[in-house]
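Need the 3D shape of this:
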Amino acid sequence: MKKQIKIDKIRNIGIIAHIDAGKTTVTERVLFYTGRSHKIGEVHDGEAVMDWMPDEQERGITITSAVTTCEWQNSQIQLIDTPGHVDFTIEVERSLRVLDGAVGVFCAVGGVEPQTETVWRQADKYLVPKIAFVNKLDRIGADFFKTVKMMKERLAANPLIMQLPVGIEDQFKGVIDLITMQEISWEDDTLGTAFTTTEINGELLEQAKAWREKLIEILADADDEIMEAYLSEDPIDTKKLIAAIRRATIKMRLVPVFCGSALKNKGIQPLIDGIVNFLPSPKDIPPIKCINPLDNQPIQCKPEVNAPLAALIFKVSMIEGRKLCFVRIYSGKMSVGTEVFNPGRRKKEKIARILRMHANKKERIDLATAGSIVGVVGLKNSSTGDTLCSHQHQVLLEKMEFYEPVISVAIEPKTHVDQNKLEQVLAKFMAEDPTLTVHEDKDTGQTILSGMGELHLEIIISRMQREFKTSVNVGKPQVVYRETIENEAEASVIFDKEVAGHRHFGEVALRMSPIMRGAGNKFKVAIEDEIIPSDFIPAIEKGVFESLASGTLMGYPVVDVQVILIGGSFKESIGSDLAFTVSASMACKEAFAKGNPFLLDPIMKVEVIAPELFTGDVIGDLNSRGGKIEAINPQAGIQEIKATVPLARMFGYSTILRSATQGRGTFSMQFAKFDRK
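Below you'll find the predicted structure:
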């Protein structure tokens with residue numbers, strides 16, 4: 001792997017699927033059969049190469065995207081194993097942003113599962129060509145054809161069956177290759193390294209011929225060359241078929257479907273062949289679009305080694321205290337010791353090291369060229385979503401989009417030592433994960449940690465303890481309300497006291513009235529200078545706004561009121577700023593108390609995406625939470641429901657929604673306004 005691979009021999013692919021469909025198990029077999037690892041690591045034993053974090057090994061799930069490189073048939077496969085849990089959707093999103101192709105793994109028992117729909121839509125958004133692998137055919141209840149049917153119905157995909165299973169459940173032995181029309185079976189005692197290719201068994205031959213005819217019919221609809229041959233009844237050889245399937249896959253007209261059982265080491269080698277034969281190289285996809293940051297003119301970055309540098313940082317990791325940036329190079333090259341430019345931040349950076357990644361293991365290289373996905377050390381000012389280019393040829397790639405957090409918890413350090421470390425630890429986590437946010441609530445003083453779901457936050461808190469030895473107490477955050485009034489009210493207060501040996505006098509009369517929601521607070525003067533000199537107006541305004549900082553009901557800030565100065569008096573020698581500030585504040589409190597005050601809830605904009613089947617349940621649940629449905633937008637097989645709901649009624653909603661929609665519903669939530677329930 002020391003030699004430079006030609007760009008058309010590179011395959012940048014991701015493994016995507018629902019949690020527990022077998023992504024990591026498939027990846028482990030790919031690494032073993034390509035010679036990248038010399039032992040098969042099992043997820044259930046906590047020994048999977050790609051699940052290297054302690055939390056991943058304990059829980060048996062993938063939490064962070066892991067990058068590795070292997071070789072097959074003189075091609076280089078740069079592979080990213082992505083998480084399947086909805087809480088770690090950002091890991092899939094940013095991986096798909098830089099990949100050229102994807103392998104969707106499906107459980108033959110569960111079929112198209114909820115998170116599969118989410119990641120499939122993400123891949124469609126980034127126009128990523130896909131092939132499919134129907135896994136777990138050895139399990140009780142496995143059904144290959146049902147899974148293919150679900151791909152059509154739920155994903156609006158156009159599956160092209162490449163293989164048929166030989167046997168099913170505990171009788172699963174191998175596959176029939178419909179391209180070569182041969183049967184492939186694996187030896188159980190060789191970890192799947194030995195397999196035999198034979199003529200198709202007599203009773204399966206008719207079925208294979210029928211499915212091959214279907215394959216050619218589907219392919220003819222997607223490819224003109226095959227259509228011509230099909231209509232003229234010309235023979236179509238294997239080479240022509242493979243070339244046509246490749247063209248149709250890259251244009252996203254078809255999804256070739258393979259099958260097997262990764263855990264039983266069956267079906268993986270043909271899948272790797274499919275990756276090389278059907279998924280695109282960086283040269284097969286359109287040049288990446290970007291702009292010149294100096295004049296905002298669009299430019300295309302061609303996947304060529306000798307072109308100017310254009311690269312995207314799609315992920316940042318803090319490993320052993322050092323910042324490691326994962327970079328996809330779209331054009332040009334990058335070498336150790338050279339200077340690059342970050343046009344978004346207008347900063348120069350120096351490449352200290354370039355690393356070829358294998359999960360958490362690293363191999364130093366001196367040069368990385370177009371099409372490569374590498375780790376880079378030394379980028380001090382750059383972060384996720386930033387572009388790297390040369391100063392002479394500046395380009396700016398499209399920024400990455402990140403999801404808004406939907407769930408929060410309050411955290412506090414357990415000890416004084418933890419207090420000192422907490423801020424630094426949280427800064428490192430936020431540098432790694434753009435969907436994680438931290439802020440201090442000014443009203444309650446709590447540190448609020450927000451993320452994509454309960455598991456997401458649970459993992460972060462676990463990592464604080466494991467990796468940084470920082471312990472925190474975790475609790476629910478308090479909902480911060482606002483206060484306002486229903487009716488107009490007036491109040492007048494005289495302040496006449498001796499303070500520090502000096503007499504202070506001021507009289508203020510105010511009228512407070514409610515105004516439109518979201519208008520904020522306003523102060524107006526409706527008196528002449530003779531009543532109260534204009535020199536004292538700023539002091540009165542100060543007293544009013546200090547008073548509005550906390551209401552009389554529960555001490556929350558007062559909003560959406562107008563305060564008008566309607567009267568008062570002053571005495572020449574003893575009138576003072578202090579007296580007018582205090583009297584204005586007291587008059588404000590009194591008028592507020594008379595105006596029939598009430599609480600305003602923080603109201604959230606909520607968008608729920610759920611299959612049509614569950615629309616009624618979702619709407620009923622939102623109504624029970626005091627929500628108002630604002631729009632229902634039908635999409636392909638799903639419904640997008642927009643509503644406004646009080647924040648206080650939304651805690652734990654992610655769990656309720658998944659339960660109500662069999663795990664297939666997702667939602668986003670952001671602040672809309674303060675209003676009455």
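
List of residues touching stretch 120-128?
14, 16, 89, 92-93, 96-97, 99-102, 104, 130, 155, 157, 252 (Cβ atoms under 8 Å, 6 or more residues apart in numbering). Glycine gets a C-beta too; all of them are placed from N, C-alpha and C.

Now, of the residues you listed, which are buried?
Among those, the ones that count as buried by 16 or more other Cβ atoms under 10 Å are 14, 16, 89, 92-93, 96-97, 99-102, 104, 130, 155, 157, 252.

between those, which is closest to residue 648?
Of all the buried ones among the contacts of stretch 120-128, residue 648 sits closest to residue 89, with 25.7 Å by Cβ to Cβ.

Out of the buried ones among the contacts of stretch 120-128, which is nearest to residue 397?
The closest of those, once distances to residue 397 are taken by Cβ to Cβ, is residue 97, at 9.7 Å.

so that closest one is in which element?
Per DSSP states H and E, residue 97 falls inside helix 89-98.

what mean pLDDT would you report for that helix?
On average, the pLDDT along helix 89-98 is 73.

Mind giving me the packing neighbours of that helix?
Identification of packing neighbours for helix 89-98 by 3 or more Cβ pairs under 8 Å, 6 or more residues apart in numbering; DSSP states H and E yields strand 10-16, helix 114-125, strand 310-319.

do you know which of these lies nearest residue 280?
strand 10-16 (7.8 Å).

Mind checking what helix or strand follows that closest one in sequence?
helix 23-33.

Can you check what angle separates that following helix from helix 114-125?
70 degrees (axes from the mean of the first three to the mean of the last three Cα atoms, to 10 degrees).

Now do helix 23-33, average pLDDT.
85.

tell me what that helix is packed against?
Judged by 3+ Cβ pairs under 8 Å, 6+ apart, helix 23-33 is in contact with strand 10-16, strand 66-72, strand 75-81, strand 101-107, strand 130-135, helix 268-278.

for the ones you listed, which one sits closest to residue 655?
strand 101-107 (22.5 Å).

which strands and helices sit next to the closest one?
strand 10-16, helix 23-33, helix 114-125, strand 130-135, helix 144-155, helix 268-278.

now those as a markdown table including distance to residue 630?
Compiled in a markdown table, those are given as follows (distance: least, Cβ to Cβ, whole Å):
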| stretch | distance to residue 630 |
| --- | --- |
| strand 10-16 | 32 |
| helix 23-33 | 37 |
| helix 114-125 | 23 |
| strand 130-135 | 34 |
| helix 144-155 | 27 |
| helix 268-278 | 44 |
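
Which of the ones you listed has the lowest mean pLDDT?
With a mean of 79, helix 114-125 has the lowest mean pLDDT of those.

the inter-axis angle of that one versus strand 130-135?
Counting by the same axes, to 10 degrees, helix 114-125 lies at 160 degrees to strand 130-135.

Could I get the CA-only coordinates of helix 114-125 as CSV?
Only the C-alpha atoms of helix 114-125 are listed here, as CSV (Å, rounded to 0.1, in the frame of the first residue of the first chain):
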residue,chain,number,x,y,z
PRO,A,114,-36.5,2.6,10.9
GLN,A,115,-33.0,4.0,10.9
THR,A,116,-32.3,2.5,7.5
GLU,A,117,-35.0,4.8,6.1
THR,A,118,-33.2,7.8,7.7
VAL,A,119,-29.7,7.0,6.5
TRP,A,120,-31.0,6.0,3.0
ARG,A,121,-32.7,9.4,2.7
GLN,A,122,-29.4,11.0,3.8
ALA,A,123,-27.5,9.1,1.1
ASP,A,124,-30.2,10.2,-1.5
LYS,A,125,-29.7,13.9,-0.3
